[in-house]
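In: need a 3D model of the following:
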Amino acid sequence: MASPDHAGSVARSGGNAAHSTDAAGSAARSTAAQAASHASLDAGSISARLDRLPATRSIWKLVVLLSLGFFFELYDLLYSGYVAPGLVKSGLLTATTRGLFGSTGVASFIAALFSGLFIGTIACGFLADRFGRRAVFTWSLLWYTAANVVMAFQETATGLNFWRFVAGVGIGVELVTIGTYISELVPKQIRGRAFACEQAVGFTAVPVVAFLSFLLVPRTLFGLDGWRWVVLIGAHGALFVWWIRRALPESPRWLAQQGRLAEADRVMSALEEKVRHEYGRELPPPAPPVAVAPRGSFRDMWVPPYRSRTLMMTIFNIFQTVGFYGFANWVPTLLIKQGITITTSLMYSSVIALAAPIGPIIGLFIGDRFERKTVIVVMAGVNIVCGLWFSQASGAVLLVSLGVCLTLAGNIISYSYHAYQTELFPTSIRARAVGFVYSWSRFSAIFTAFMIAAVLRYFGTTGVFVFIAGAMFIVMLAIGLMGPRTKGLELEAISK
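Out: Numbers count the residues shown, from 1 in each chain. As a prediction, this is how the structure comes out:
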């Protein structure tokens with residue numbers, strides 16, 4: 001039997017060992033915390049180096065390359081309304097819907113796209129946070145291009161809607177990725193103009209698809225309906241994707257946030273060298289770095305200050321879709337409903353569509369001069385006034401003029417909020433958070449298509465624009481009352 005002294009000695013020895021273990025664990029945790037802090041400061045240094053860069057040719061080249069990707073994306077996203085008369089003419093779909101959720105009307109075709117967009121944005125937005133902006137930008141573009149090629153040869157409403165849904169998944173992922181990518185590649189002083197450039201290049205797709213639809217939809221070429229040619233022409237975006245990809249670096253902010261500091265430094269050093277050469281003198285010194293949050297998760301969207309921003313942008317996205325797509329996807333059909341022939345309707349739509357890139361071009365001059373929340377609120381008000389007026393107009397000149405005003409207002413809102421929602425969240429959850437809030441616009445659009453079809457059937461064009469006006473009023477309240485200011489601030493400062 002052990003003596004009491006011996007037992008006490010063993011107990012003291014065990015206590016000392018436990019104390020040593022606790023101390024070792026505490027030291028390990030301290031070292032890990034210091035390493036994480038060091039990494040976050042290094043990531044902050046990368047961001048500070050990027051934000052001090054002058055906006056030279058190399059910076060704008062990156063923006064333009066991503067904008068070209070956005071062009072093909074918008075072509076695919078917005079041709080729905082322009083090919084709809086051709087789908088009806090070919091007998092694949094009907095203009096109105098039997099029952100609220102009928103599957104053989106134009107509304108079902110539009111809803112299939114937005115169902116895919118909803119899945120792509122809410123369920124797949126995290127992909128760019130996990131695998132990088134560059135890879136996801138490339139593969140999502142190829143995904144929806146392939147789906148559209150298959151869709152162009154469908155002979156039933158079911159096949160048409162299914163492949164439109166599949167394409168929508170890829171477009172949804174691409175929408176989130178491009179916005180995130182641009183916000184992280186450009187310095188803070190040109191973020192607004194960079195998004196205006198993206199939208200200006202992207203929205204040139206609208207007059208292109210409108211004009212092609214005007215030429216092709218009423219005709220049949222080589223045994224194929226004209227609407228199929230419109231879809232297949234857009235699929236040529238895949239030919240450019242590898243060329244665009246080769247010239248794009250990965251986001252240095254994303255690399256640094258992932259702990260890949262050496263790669264981030266290489267990307268930044270190469271970009272700094274190009275900018276320095278174009279600038280003609282030494283670059284200004286970077287500002288003191290701001291610590292960058294470590295890798296994030298879904299729950300990070302629901303802690304202050306991001307919780308109120310998530311709720312605000314969710315409300316905004318649910319209702320802004322009604323205004324934007326309620327007009328853009330339905331303008332030829334709305335004109336036909338007012339007694340205009342299919343050919344004349346497509347001609348009017350083509351003229352209205354010429355205004356699509358003008359709104360973002362205006363943004364190249366005002367994009368960083370005004371608060372984005374202010375621009376969104378004012379343009380939503382313009383949308384209400386012009387929409388209600390459009391519903392009462394009958395003359396060709398007035399209809400086209402008001403259509404142009406609606407297009408300008410919608411596209412100024414578009415470039416403003418695409419910039420705004422990427423600014424509101426930190427790098428660690430930017431793609432995931434933008435995907436989540438943006439997905440609700442896609443979800444809303446699924447039902448908006450059916451609701452507008454029903455309102456159009458029972459209340460005519462006036463009812464459609466009253467419905468749109470109510471939605472845009474809610475947009476004004478959400479952004480006006482809840483939106484923070486972001487103009488000229490570092491992404492990391494906005495995220496504090």
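In: would you mark the buried spots in stretch 127-135?
Out: Within stretch 127-135, the residues that qualify as buried are Leu127, Ala128, Asp129, Gly132, Arg133, Arg134, counting by 16 or more other C-beta atoms under 10 Å. The way it works is simple: take the backbone N, C-alpha and C, and place the C-beta from them, glycine included.
In: quick one: pLDDT of the third one?
Out: The pLDDT attached to Asp129 in the predicted structure is 87.
In: whichever strand or helix holds it packs against which elements?
Out: When secondary structure is defined by DSSP states H and E, Asp129 falls within helix 126-131. Other elements packing on helix 126-131 under the criterion 3 or more C-beta pairs under 8 Å, 6 or more residues apart in numbering; DSSP states H and E are helix 133-151, helix 157-185, helix 430-482.
In: again, only using 10 Å
Out: In terms of contact count using 3 or more C-beta pairs under 10 Å, 6 or more residues apart in numbering; DSSP states H and E, helix 126-131 is assigned the packing partners helix 133-151, helix 157-185, helix 252-257, helix 430-482.
In: state the mean pLDDT of the host helix or strand of Ile376.
Out: Using DSSP H and E, the secondary-structure element containing Ile376 is helix 372-390. Over the span of helix 372-390, the pLDDT mean works out to 93.
In: tell me the centre residue of the protein?
Out: The residue at the geometric middle of the chain, judged as the C-alpha nearest the mean C-alpha position with C-alpha atoms, centre = their mean, is Leu175 (3.8 Å).
In: isn't that residue right next to Ile122, touching?
Out: No - between Leu175 and Ile122 no contact is recorded; they are 11.8 Å apart, counting by C-beta atoms under 10 Å.
In: tell me, how many neighbours does Val64 end up with?
Out: Taking other C-beta atoms under 10 Å as the neighbour definition, Val64 ends up with a count of 16.
In: show me where pLDDT drops low in the stretch 51-200 of the chain?
Out: By pLDDT under 70, the weakly predicted segments of the stretch 51-200 of the chain are 95-104.
In: helices of the stretch 151-300 of the chain, start to end?
Out: Counting by DSSP state H, counting those that start in this stretch, the segments of the stretch 151-300 of the chain that form helices are 157-185, 191-203, 205-216, 226-234, 238-246, 252-257, 261-279.
In: tell me the angle the longest one makes with helix 261-279.
Out: Going back to what we said before, that points to helix 157-185. With axes from the mean of the first three to the mean of the last three C-alpha atoms, to 10 degrees applied, the angle from helix 157-185 to helix 261-279 works out at 70 degrees.
In: report the angle between helix 157-185 and helix 133-151.
Out: Computed with the same axes, to 10 degrees, the direction of helix 157-185 lies at 160 degrees from that of helix 133-151.
In: same thing with the second one?
Out: Going by the same axes, to 10 degrees, helix 191-203 is angled at 20 degrees with respect to helix 133-151.
In: quick one: distance of helix 191-203 to the chain centre.
Out: With C-alpha atoms, centre = their mean, to the nearest Å as the basis, the distance from the averaged C-alpha position of helix 191-203 to the chain average is 12 Å.
In: helices or strands up against it?
Out: Under the contact definition 3+ C-beta pairs under 10 Å, 6+ apart, helix 191-203 sits against helix 57-89, helix 157-185, helix 358-366, helix 372-390, helix 396-423.
In: if we use 8 Å, what do you get?
Out: Counting contacts by 3+ C-beta pairs under 8 Å, 6+ apart, the secondary-structure elements packed against helix 191-203 are helix 57-89, helix 157-185, helix 358-366, helix 396-423.
In: again, but for the fifth one
Out: Helices and strands touching helix 238-246, as assessed by 3+ C-beta pairs under 8 Å, 6+ apart, comprise helix 57-89, helix 133-151.
In: reformat the helices of the stretch 151-300 of the chain as a markdown table; add distance to Gly44.
Out: Formatted as a markdown table, the helices of the stretch 151-300 of the chain follow (distance: least, C-beta to C-beta, whole Å):
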| stretch | distance to Gly44 |
| --- | --- |
| helix 157-185 | 14 |
| helix 191-203 | 18 |
| helix 205-216 | 37 |
| helix 226-234 | 41 |
| helix 238-246 | 28 |
| helix 252-257 | 8 |
| helix 261-279 | 11 |
